[in-house]
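In: Based on what follows, work out the 3D shape:
(one chain, ligands or ions: 1)
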Amino acid sequence: RLKSLGKKGRNGPSVRHVHVIGAGVMGGDIAAWCALKGLTVTLQDQDRGRVAVAQGRAHALFAKKKKDTREARAAADRLIPDMDGKGLRHADVVIEAITENAGIKRALYAQIEPLMKHGAILATNTSSISIEELRSGLQAPQRLVGIHFFNPVAKMPLVEVVETPETDSDVKAAAHAFIGQIDKLPLPVQSTPGFLVNAVLAPYMLEAMRCVDEGIRPETVDAAMVAFGMPMGPIELIDTVGLDIARDAGQQLSGQASTPACLEARLARQELGRKTGQGFYQWK
Ligand code: NAD
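Out: Purely as a prediction, here's the structure:
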């Protein structure tokens, strides 16, 4: 399963145009990353405000990564807000990054599949829904593949390519090539709960919160794991991912309905982490 880790999938025709649906935490940052890497990106959301916020974050990324202001401006020009989804018809890759709900995702696929270009890949960024469940109802189910980016997109090199025995081999190859093209590392994984990385991470984050419940300060837990060699402590990671998402993933992957008390208390106060400015830490 780790065969391709560290190698970039450079084979296959290169992608020129990506259409991203869902301009939230992930879709907005995936769109920005693809534009930074030279692709034309159309970004669609049902909520215009989310696209505007994503553009703001993208411009900050371009300014940071491109020292030449003309290059930063060119990247900004490549990221095109597309409320009507016109870009869907021309894109080589369509990335779906909408709400984590199988019914909502399938309803979207039914609308967009007939409009997609022949041979275009349909990729979902789902963290927890199986590819099998999502592709039922598609006219060409073999074209759906998981392309699972991690948060924050600009900092995380790994992207899981989630496949099943039915996934078309050309689609798999094209997905790997695309991820290599945008300077990320593709890791093939099977469509099992948590895929690979989150299956390992969920119990790690849960145990970190149990330590907090037992009276150890979040700063202490994080400092210990950073000193151990992790790039970021587990509690800071939970703030980055979002406390609501950490709860859902933890419940699904551990099979336990109960959540740590420290998490429950913050969720009750709508303290969801970086995205709300307050989680275990204060971010604004
Ligand atoms: P989010 O709530 O921040 O964004 C979702 C966006 O989708 C919203 O802007 C919403 O307006 C839009 N949307 C919903 N239904 C739509 C529709 N039918 N058409 C157009 N737009 C629609 O969510 P997120 O955290 O970015 O998660 C998106 C996907 O990425 C989910 O599948 C999630 O599991 C996955 N994911 C999330 C993370 C994370 O850390 N947040 C990490 C990896 C993968």
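In: what does this protein have sitting close to the ligand?
Out: By the rule Cβ under 6 Å from any ligand atom, the part of the chain lying against the ligand is 21-27, 44-47, 50, 97-100, 104, 108, 125-127, 149, 151, 241-242, 245. Heads up, the C-betas are built off the backbone N, CA and C, glycines and all.
In: ok, of the residues you listed, which come out buried?
Out: Buried subset of these (neighbour count, 16 or more other Cβ atoms under 10 Å): 21-27, 44-45, 50, 97-98, 108, 125-127, 149, 151, 241-242, 245.
In: Any figure for the gap between the residue of the chain found nearest the ligand and Leu134?
Out: Relative to the ligand, the nearest point of the chain is Gly24 (1.9 Å; Cβ to the nearest ligand atom). Separation of Gly24 from Leu134 (Cβ to Cβ, to the nearest Å): 18 Å.
In: Give me the residues contacting whichever strand or helix holds Arg57.
Out: For Arg57, the element it lies in under DSSP states H and E is helix 48-65. By Cβ atoms under 8 Å, 6 or more residues apart in numbering, the list of residues contacting helix 48-65 from outside reads 23-24, 27-29, 31-33, 35-36, 43-45, 71-73, 75-76, 79, 81, 83, 154.
In: are any of the residues you listed buried, and which?
Out: By 16+ other Cβ under 10 Å, those give 23-24, 27-29, 31-33, 35-36, 43-45, 72, 75-76, 79, 81 as buried.
In: Which of those fall within helices?
Out: Cross-referencing these against helices under DSSP state H gives Gly27, Gly28, Asp29, Ala31, Ala32, Trp33, Ala35, Leu36, Ala72, Ala75, Ala76.
In: Which residues outside the least confident helix or strand in the chain by mean pLDDT are in contact with it?
Out: Ranked by mean pLDDT, DSSP states H and E, the weakest helix or strand in the chain is helix 243-254, scoring a mean of 85. For helix 243-254, the external contacting residues (Cβ under 8 Å, 6+ apart) are 100, 127-128, 193-194, 198-199, 202-203, 205-206, 238, 241, 256-257, 259, 263, 266-267, 271-273, 279.
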